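Chemist: what's the 3D shape of this:
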Amino acid sequence: MVKQEIRLKGKVCRPHKSATAPILDSRTVLTESHWQFVELWLTREKQTNALLYWRQAREFHAAAKGLSAQASPLPLYYCYLNAAKCLLTSKGIIYDQHHGVREKRRSANIRIDLSNEGVKLLSRGVATALSSHFGEAEHRTEHTLKDIFLNLPFIHRTYILSYPNETEVFIPLVDCRFMQDPVKRRVYFAADLSKDFKAGIILKRAPPSIIQDPDSLPSSVRSSTSLPCTHAGRPTKQDISNIVVLNRQLRGDIEYINGSQTLWYLRTQPSAANIIRRRVPTLILMAMHRLSELSRYKPLELNKHLSSKKNWLIDEFLRMSPSQFIDEMASEITGFQFQIPNVRAPI
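Modeler: Reported below is the predicted structural model:
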């Protein structure tokens, strides 16, 4: 029997940006301003405290605009910190008000380099609560900025150009969707690997959650896990609940880049030492915390980073992370997916 696409309200069910509480059958929100939509949503939901944090995050984001790479890390970090507080508060999560992350101290004689610039996740605080909220599997608490940047899909191309001898981690996925096996009555995730990559090589580096689909082309992949699903065309509430669980299980192994189109990527494992089993928002928050410390307390050291051969990578992180982080927070807070309208400006 032919396997069927899961459909919700007539549309193919695809992976959702929100890992924790996605509204799978909702339409994508097309907006130029996540800020305004989330503010109105929080107001409607009477989330007074969360709304305060969101408004503070918006103010810090506005303050960062136009600032140089020397100064922007500080307001950007507080933007991210308050957005994370908004998420945790809106979900009723009790957390310690401390940052939850600090510098991993290095010896004074060690050269200034991203591989020597470390951060440490603490046992309590905002970053720690965010990590727990996502159910991250990583047991290590210390990471270098170099490794964090490797694990961020939205700057991955820049990373590979900055470190040309390293193997690509994020591989583009095409036609991501949830499918039902009508015989077994189970739902699983399916996608196709980009034709620019050799499927056999990529699958050797794939995480355990993703395998080659034995019933399809060599470039077709599927989740190794499946969950009960009785109806493909009209899923029941329990079917939808199971898809939500499967979506959450896969996030971290599949990540997205925000834009006018949502681009999904498979996080492969070319080297276990460099792969961080944390979600993108947690990694962004940790990295920006360290850059903000350098901006505040060690501007001369930050300037050395910005004058190094890896300055483009840092600049791309500062430029690209705001839209990615806020998109992730907006999706997690509301359960909706957001996209920038792909509309041509009037002449």
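
Chemist: show me the contacts for the residue lying closest to residue 306 once chain neighbours are set aside.
Modeler: With C-beta to C-beta, 6 or more residues apart in numbering as the criterion, residue 306 has its nearest non-adjacent residue at 5.4 Å, and that residue is residue 69. All C-beta spots, glycine's among them, are computed from the backbone N, C-alpha and C. Residues in contact with residue 69, defined by C-beta atoms under 8 Å, 6 or more residues apart in numbering, are 306, 314, 315, 318.

Chemist: Residue 226 too?
Modeler: If you count contacts by C-beta under 8 Å, 6+ apart, then residue 226 has 181, 184, 186, 187, 188, 246 around it.

Chemist: What is the burial count for residue 244?
Modeler: Residues near residue 244, counting by other C-beta atoms under 10 Å, number 19.

Chemist: How confident was the prediction at the residue nearest to it when sequence neighbours are not counted?
Modeler: Taking C-beta to C-beta, 6+ apart as the measure, residue 244 lies nearest to residue 22, with 6.1 Å between them; neighbours along the chain are not counted. Here, the pLDDT recorded for residue 22 equals 97.

Chemist: Next, give phi and psi for residue 22.
Modeler: As for residue 22, its main-chain torsions (degrees, to the nearest 10) stand at phi -70, psi 140.

Chemist: from what I can see it touches residue 247, true?
Modeler: Yes: look at residue 22 against residue 247 with C-beta atoms under 8 Å: they come within range, at 6.3 Å.

Chemist: any common contacting residues for these two?
Modeler: The overlap between the contact sets of residue 22 and residue 247 (C-beta under 8 Å, 6+ apart) consists of residue 16.

Chemist: got the contact list for residue 96?
Modeler: By C-beta under 8 Å, 6+ apart, the residues touching residue 96 are 124, 125, 126, 128, 129.

Chemist: And the pLDDT for it?
Modeler: Here the pLDDT value assigned to residue 96 is 95.

Chemist: which of the contacts of residue 69 count as buried?
Modeler: Among those, those classed as buried by neighbour count (16 or more other C-beta atoms under 10 Å) are 306, 314, 318.

Chemist: Filter those residues down to just the ones in helices.
Modeler: Using DSSP state H to define helices, the subset of these located there is 306, 314, 318.

Chemist: Identify, from the contacts of residue 69, the entry nearest to residue 7.
Modeler: Taking C-beta to C-beta as the measure, residue 7 lies nearest residue 318 of those, at 40.6 Å.
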